[in-house]
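*Asks:* have a look at this prediction, sequence included:
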Protein chains: 2
Amino acid sequence: MATTRKTARRSSALKKTPAGRSPGRRALSKTKTGKMVYFFGPGATEGNASQKTLLGGKGANLADMTSIGLPVPPGFTITTDTCAAYYDSGRRFPKGLSDQILANVKKLEKATGKKFGATHDPLLVSVRSGAAVSMPGMMDTVLNLGLNDVSVEAMAKASGERFAFDAYRRLINMFGDVVMDVHHDAFEAAFAKLKKRLKVTEDTDVDAAGLRELCDLYKAVYKKHVGKPFPQDPIKQLEASVEAVFKSWNGDKAVSYRRIEGITGLNGTAVNVQAMVFGNTGDESGTGVAFTRDPSTGKNTFYGEFLINAQGEDVVAGIRTPEPVARMAKWNNKAYKELLKVRTKLEKHYRDVQDIEFTIERGKLYMLQTRNGKRTGAAAVKFAADMVRERLITKKEAVMRVSPDHVTQLLLPSFPPAAKKGATAMAIGLPASPGAAVGAPAFTAEEAVERAKAGEQVVLVRKETSPEDVDGMHMAAGILTSTGGMTSHAAVVARGWGKCCVAGAGDVHIDAAKRRFTVGGRTFGPKDVISIDGNTGEVFPVALKAEEPKGITGDFKKVLSWADGYRRLGVRTNADTPADAKRARDFGAEGIGLTRTEHMFFEGDRIMSMRKMILAENEADRRKALKSLLPHQRKDFTGIFTAMKGLPVTVRLLDPPLHEFLPHDPKAAARVAKEMKISPAKLKARIDALHEMNPMLGHRGCRLSITYPEILEMQVQAIVEAAIACAKKKVKARPEIMIPLVGTKAELEMLRARVEEVIAATRKAKKFTGKLDILIGTMIEIPRAALTADEVAEVADFFSFGTNDLTQMAFGYSRDDIGSFLPDYIAKGVLPVDPFASLDATGVGQLVEMACRKGRATRKGLKLGICGEHGGDPSSIDFCHEVGLDYVSCSPFRVPVARLAAAQAVLAG
Amino acid sequence: MATTRKTARRSSALKKTPAGRSPGRRALSKTKTGKMVYFFGPGATEGNASQKTLLGGKGANLADMTSIGLPVPPGFTITTDTCAAYYDSGRRFPKGLSDQILANVKKLEKATGKKFGATHDPLLVSVRSGAAVSMPGMMDTVLNLGLNDVSVEAMAKASGERFAFDAYRRLINMFGDVVMDVHHDAFEAAFAKLKKRLKVTEDTDVDAAGLRELCDLYKAVYKKHVGKPFPQDPIKQLEASVEAVFKSWNGDKAVSYRRIEGITGLNGTAVNVQAMVFGNTGDESGTGVAFTRDPSTGKNTFYGEFLINAQGEDVVAGIRTPEPVARMAKWNNKAYKELLKVRTKLEKHYRDVQDIEFTIERGKLYMLQTRNGKRTGAAAVKFAADMVRERLITKKEAVMRVSPDHVTQLLLPSFPPAAKKGATAMAIGLPASPGAAVGAPAFTAEEAVERAKAGEQVVLVRKETSPEDVDGMHMAAGILTSTGGMTSHAAVVARGWGKCCVAGAGDVHIDAAKRRFTVGGRTFGPKDVISIDGNTGEVFPVALKAEEPKGITGDFKKVLSWADGYRRLGVRTNADTPADAKRARDFGAEGIGLTRTEHMFFEGDRIMSMRKMILAENEADRRKALKSLLPHQRKDFTGIFTAMKGLPVTVRLLDPPLHEFLPHDPKAAARVAKEMKISPAKLKARIDALHEMNPMLGHRGCRLSITYPEILEMQVQAIVEAAIACAKKKVKARPEIMIPLVGTKAELEMLRARVEEVIAATRKAKKFTGKLDILIGTMIEIPRAALTADEVAEVADFFSFGTNDLTQMAFGYSRDDIGSFLPDYIAKGVLPVDPFASLDATGVGQLVEMACRKGRATRKGLKLGICGEHGGDPSSIDFCHEVGLDYVSCSPFRVPVARLAAAQAVLAG
């Protein structure tokens, strides 16, 4: 999710440049004869942190660390412009580059006191790529450059033969593979053959002599495949490696990555050449990784581990068990004290918790990398709050330090990385509703209810869910569906409850009749416990251990209250029951932006009245059935208004097509026919008559109110009676009656008149003369309503953007069916992100912006909000802020996310 | 259709004023004390034909006729501004109005030599409403004003007692009913009682004495209900009638009519007061109606009928048989000669054929009305061509004189009014495809084929049709469906063939299993012949006699060729077969704007290959099935390119969701499973997997090509091979490859690249080095594509607007399901017209306009066309012209309509 968000933000930031053009691409031609190489080293650093575009992210960082006096191995960076010049010159080194590289190698030799290819203590370097944006698919690293048949012997003398020849064979392999395209397998085969002859199995069992022999074998492999011997001139090695980095910029993987991510406007990649240091030269050496504070709890303690006589990869690989970093004091107190100083310096400089890598070569500390440390939600808020207390950062910065994912982690159960260690996801669906759930599969809603009531933890596993399934969904620990998208029924309902849901996991093949599902040939029945991760969409075939949420307390509460101080957008919630309303208030909701009245029709025996209404053959019978629904609706509204204590409550009138309320399978239909005392044939005829080819584009929303105005009348009467009942109890109710699916001014005008009549009639019937504060407005969810918003606004007190439907119709994507091609669209880069998860600013956004502008042109100060699922998505909230909405509305568990994101939108702007 | 079109045009003309405001409404306050009454009479006419806004349509016409010296009974018109002033003064006569009326009555008395309420030959007047736009629901007429107890006796002396008291009782009744709101029944009851007492049954059997008594009875009824006696003062009668006209302007019916029709910007109604003349004062008097030329054949002969001693309504009522107007010469040669002079004068003045009403009162000719005459298609083209030959009108005017309905009548069978006389439609559906069909119902496509082959005329009666039904549809005389809209499968296919279709006749309840349908309790089986009218949507329970079309010959051909000289828009056709293409060329198509390749997959055994392709489980099997389709597609394209001889042919790649090609009912599925040698369960599983909740928003169009590029590859290969085959035969092929359902630039970019690769590969494989003229473009049918047209145009050679889908998504109306609420929407005035029949300029039009503007901003000279069903609708064509499209494309039978409408768009502009 974090990547998604970043991408969406970046896309929108970059979109101002003409599409598909790279503005820098032409400008650079002028620079190709200028300075192409920037040195970094004590007292001689030429670059700085602000030159990310020119030096790449890594290059700028190395320059920066060196500048503040950290013991960084010296080196130099070849600029991104040089990469572009390389291509402009027809894939040749631009004039002067070789000279500049040579000059910098001299500087480097001076700084390190070592010499390339020397017969004593030779200089070795690494070469790494590094663009302004981190980019998988480019060449990563060539290590140990500078070794040749001469210097390897010098090194063997200094650090041991095994060490030296191991380094040399790695260089030949890496250089052959990465720079010269020799297939890795060729080297592997030679090594295997040698080990067989030496009768050993592990690489590490090969002794110094063996490795010396291996180097000869590798050189032979190299010569055979390349046609020339392995280059002995370190400068030649270096130049070839630099060119390989340049080439990797236009490699298939890197190009496709940029296309998919919509990354444009970059010149090329920089190349970083840096002196090698070794933590594995003996017991005086070592290596480690650390966080400047505890990234798990957020405690202000130095947190990390180190290994003596080891390289960085040994710490990560986990073959040897590292020691806590504090133990370093015993081993080399001087280096440890220096590291502690570095820790303080880094936090002061970067003003954030750092994740560092260091090496001690023969007792001397070297810093290899520093970056902002990843952290848990708990740590994020503690870091932020602590650093404000320490006056290291401002409150504004603190608000920017907590991500929406952190908030979700603090509110809902999650699987920490440790819990997932060793477990492999067997399927990946859409992360439809965050959280974590563990349980045995239940295949129908009834089964879920039954087993959950018996005390079992179950995960409801369905192809898709429908309103009939809500009881079972509610009782289940989590929900897994094999079809449907981010705004499918399962997703929307689960998000409302803060219940974990993975939707549209197409690899899960469900056979509900046989109570089982299969994934990749493996079958799961009602006793096979699974785990689903609503933050990632992963489905695991085992029980994982979830971490329970912390809730809004302490530092978290503090950071959120700071956020509230900065945001301009109001934050409301989507809630259909007094309980949801109450919870959302506790989460900080400032009103209800969407109450879906139809959800109220499914509860208990109301569904029977609803069905009677639908099956009625004339208005009189319809009114009779509606009359029995009225007290229920009134009670619901009274409860919600009371829970919201004077905050506004947007009530959407009946929206879904009527067939949604009728039973879907023959068995259920037979039961319903019996209960309703009508013939199954008659029920079937009515269900058939209501069947639609494309229900999303059918007879629903305000279209129902136009053909059956009595439904609207009952609902409005219930709202007004509830408001009056509240007023009599001194509770101020502020209903905002929302008429859905309006596409023309005429619809809203006609229905508004009807609503006003019912309000007046109800007041009169109740003899209520007090003040009633009721607005009448509409959802903007039909493209035509946005296009004609100037007309629609003439009869609307407010607009609320229903961006689910607006996205559906603007793209022509059914949110129920998008699963059949969305994964392919994302994979092929046709879409950067699921447009139902994150609002498409480029297309759908135009309709939103247009409706805001046109609506307010006709009606100044028109109240504008959003109640689609995008209302809880941070990048969409950013868009809502930009476009000038008054509020966003989202499911209760997203309210804290929205509060934070709304503040971040202001602070980033 | 004609009304529809007029309305749509008017709405678009008026939309430039701020919505909902009436600009004249405020301006008029200044005029209320000025001239309020305009006299018309020989030598004293104050108004003229151009003052329709001020005098209303009728008032301006009366003034005009008088001005050119026609013997019009004199009178005066009270202006529309005065009506507005009446409302501005709180529903009171504005100051000075009474005086002006009085002054004009004096003038009228002078002009007629008669006096109001006189004891000898008294002046009688009629009062009629008349706004600038004809408007049902307003007060129609009060006749015989001026009669009272005194003047009736004078009239009795002059014209007979029965005549005078009959006129008086009619006045009391009409004045009481229309002006004073006395219920008509009250008068009827009194009359019935009298007739019973006199022992007669017919009104006409009551003698003079009876009518004299009836007047007394009526006056009593009047007094009882009104509370005052019937007014004896003619001026009081007149003023009350004028006020009643004013009031009727804001009557419920008139207000709702204006709302529904979207009529705004009118001040009010005018009131016309005119001296009465009588054709029933004796054998010297008479009345008649006539056309200045024959409105049926178009021949230049005076055409009409008259009745001696009769009133206008007697001619219409048909109780007495009128005589041909030429016979008048024998009866009153002087009057007849005068009438012939009037005929000539009228045609010279109005430069069009007139439909006139006249009366001869005691030998003197009076002209009561003239208006442009209604005419058949045949007459319309003959009138137009003749009048150009007579130098009465210009060719431009001639082109404007022929309506689209006329063209349809000339191209397709129709039921002339005479054929429908006495027949009552039992159901009315949508006029989905024009024409007329008579036949016995067939309930399945197979049945239709069988019976039609046996020589029977059948009408295919289905709930809806699907591609599987095309053979049966083709063999049937016409198609009737009970669901579906103007762009449903049945409608689109039928229009393509010029076959009559009535769609969505909801009152027709079909029981296909029992081979019968019922309408309003009446049952029809396979032997009950019915008639369907594709121009009106009517369904008749009997066989009507259709009139055969004339074809494009003679004057029709001439007028169309004139039209071609004026139009800017190109006209292409939608055609899927060489035969359709050929026919459309004969109709004047200048290219093909849409070839739906999927239609080619249903023919013969191709459907089996198509199904194999769909059921394939991997790409290899899919390619195998596609390979067997390739030769068919190539042959189709070769045929079409050859038929179009160098004209451009837009080929749309596969568009519908794949499940459309699979069998729909279990029986058919079983057959297919057997033929394909797969298990029914497997077939069912695949059909289920392809099932979509909202297929219109599902996996179709370019989305298919993205997931299964091999389909696109086969189609493009077939196109290119066909083009090469043509080139080798010296036939220039100009394919335009159209990629459907594009919503993002990325889709088109990716697929365009794929198309270009296939073109290059095919050229290479065929070793073809000649020139190939192939464009690659897209349909704009997804709102997002219109919104981002600037981006999309970067990779498109052309745009073709698919306004069916664009309308579907902009409104959120499924064209398959709209039947459930569209009739209600039209009836309640929510929509002025079916947006699938006539393009919604206000909403959908914005997307079209935006896409044109943005597309051409990126790519100058981008080729723009429309291939949605709107391409054949005149008001939509007008819009297409305005917005700057290059061409419209429509079904073959609409091509001549489009040629004409495109010229009219230029000439009207």
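*Replies:* Nice, thanks for sending it over.
*Asks:* going forward, measure contacts between C-alpha atoms and count neighbours the same way
*Replies:* Will do.
*Asks:* from the chain's centroid, how far away is the lengthiest helix in chain A?
*Replies:* Ranked by number of residues, the top helix in chain A under DSSP state H is helix A:619-644. Its chain's C-alpha centre and that of helix A:619-644 lie 40 Å apart, by C-alpha atoms, centre = their mean, to the nearest Å.
*Asks:* what about that helix, near chain B?
*Replies:* No: judged by C-alpha under 8 Å from any C-alpha of the partner chain, helix A:619-644 stays clear of chain B, getting no closer than 15.3 Å.
*Asks:* pull out the buried positions in that helix.
*Replies:* Buried residues in helix A:619-644, counting neighbours by 16 or more other C-alpha atoms under 10 Å in any protein chain shown, are found at A:622-623, A:625-627, A:629-630, A:632-644.
*Asks:* ditto for stretch A:164-181
*Replies:* Buried residues in stretch A:164-181 (16+ other C-alpha under 10 Å): A:164-180.
*Asks:* what pLDDT does A:Val133 get?
*Replies:* For A:Val133, the model assigns a pLDDT of 88.
*Asks:* typo on my end, A:Ser820
*Replies:* The model reports A:Ser820 with a pLDDT of 83.
*Asks:* considering only the buried residues of stretch A:164-181, which also neighbour chain B?
*Replies:* Taking C-alpha under 8 Å from any C-alpha as the test, chain B is in contact with none of the buried residues of stretch A:164-181.
*Asks:* inside strands: which ones of these?
*Replies:* Applying DSSP state E to the buried residues of stretch A:164-181, no entry is found in strands.
*Asks:* mind telling me what element A:Leu907 is part of?
*Replies:* Assessed by DSSP states H and E, A:Leu907 sits inside helix A:895-908.
*Asks:* now that helix: buried residues?
*Replies:* For helix A:895-908, by 16+ other C-alpha under 10 Å, it's A:Val895, A:Pro896, A:Val897, A:Ala898, A:Arg899, A:Leu900, A:Ala901, A:Ala902, A:Ala903, A:Gln904, A:Ala905, A:Val906.
*Asks:* that helix packs against which elements?
*Replies:* Judged by 3 or more C-alpha pairs under 8 Å, 6 or more residues apart in numbering or on different chains; DSSP states H and E, helix A:895-908 is in contact with helix A:395-401, helix A:404-411, helix A:554-566, strand A:570-574, helix A:874-883, strand A:887-890.
*Asks:* gap between the fifth one and the chain center?
*Replies:* Right, the one you point to is helix A:874-883. Centroid separation for helix A:874-883 versus its chain: 16 Å, with C-alpha atoms, centre = their mean.
*Asks:* closest one to B:Asn300 among the helices and strands packed on helix A:895-908?
*Replies:* B:Asn300 sits nearest to helix A:874-883 of all these, at 66.8 Å, using C-alpha to C-alpha.
*Asks:* what comes up buried for the closest one?
*Replies:* Within helix A:874-883, the residues scored as buried using 16+ other C-alpha under 10 Å are A:Pro874, A:Ser875, A:Ser876, A:Ile877, A:Asp878, A:Phe879, A:Cys880, A:His881, A:Val883.
*Asks:* closest to A:Ala63 among those residues?
*Replies:* Using C-alpha to C-alpha, A:Ser875 comes nearest to A:Ala63 of those, at 32.3 Å.
*Asks:* quick one: secondary structure of the closest residue to A:Pro526 other than its chain neighbours?
*Replies:* The shortest distance from A:Pro526 to any non-neighbouring residue, by C-alpha to C-alpha, 6 or more residues apart in numbering or on different chains, is to A:Pro441 (5.1 Å). Classification of A:Pro441 using DSSP: H, G, I helix; E, B strand; the rest coil returns strand.
*Asks:* ok, A:Pro441 - contacts?
*Replies:* A:Pro441 sits next to A:Val458, A:Val459, A:Leu460, A:Val461, A:Phe524, A:Gly525, A:Pro526, A:Lys527, A:Asp528, A:Val529, A:Ile530 when contact means C-alpha atoms under 8 Å, 6 or more residues apart in numbering or on different chains.
*Asks:* name only those of these that count as buried.
*Replies:* Among those, those buried by neighbour count (16+ other C-alpha under 10 Å) are A:Val458, A:Val459, A:Leu460, A:Val461, A:Phe524, A:Val529, A:Ile530.
*Asks:* those in helices, which ones?
*Replies:* Short answer: the buried ones among the contacts of A:Pro441 have none in helices (DSSP H).
*Asks:* which of the residues you listed sits closest to chain B?
*Replies:* A:Val461 (17.6 Å; C-alpha to the nearest C-alpha).
*Asks:* can you give me the helices for the stretch 601-750 of chain A?
*Replies:* Secondary structure of the stretch 601-750 of chain A (DSSP state H, counting those that start in this stretch): helices at A:606-615, A:619-644, A:666-676, A:680-690, A:702-707, A:709-728, A:745-765.
*Asks:* how many neighbours does A:Glu213 have?
*Replies:* Residues lying near A:Glu213 (other C-alpha atoms under 10 Å in any protein chain shown) number 16.
*Asks:* quickly find the element holding it.
*Replies:* A:Glu213 is part of helix A:208-226 when elements are defined by DSSP H and E.
*Asks:* please apply the same query to A:Cys501.
*Replies:* Using DSSP H and E, A:Cys501 maps to strand A:500-503.
*Asks:* hmm, back to that, the helix holding A:Glu213: what's the following helix or strand?
*Replies:* Using DSSP H and E, the helix or strand that follows helix A:208-226 in sequence is helix A:234-249.
*Asks:* where does pLDDT dip in the stretch 551-700 of chain A?
*Replies:* In the predicted model of the stretch 551-700 of chain A, no residue satisfies pLDDT under 70.
*Asks:* how about the residues of it by chain B?
*Replies:* A:Glu692, A:Met693, A:Asn694, A:Pro695, A:Met696, A:Leu697, A:Gly698, A:His699.
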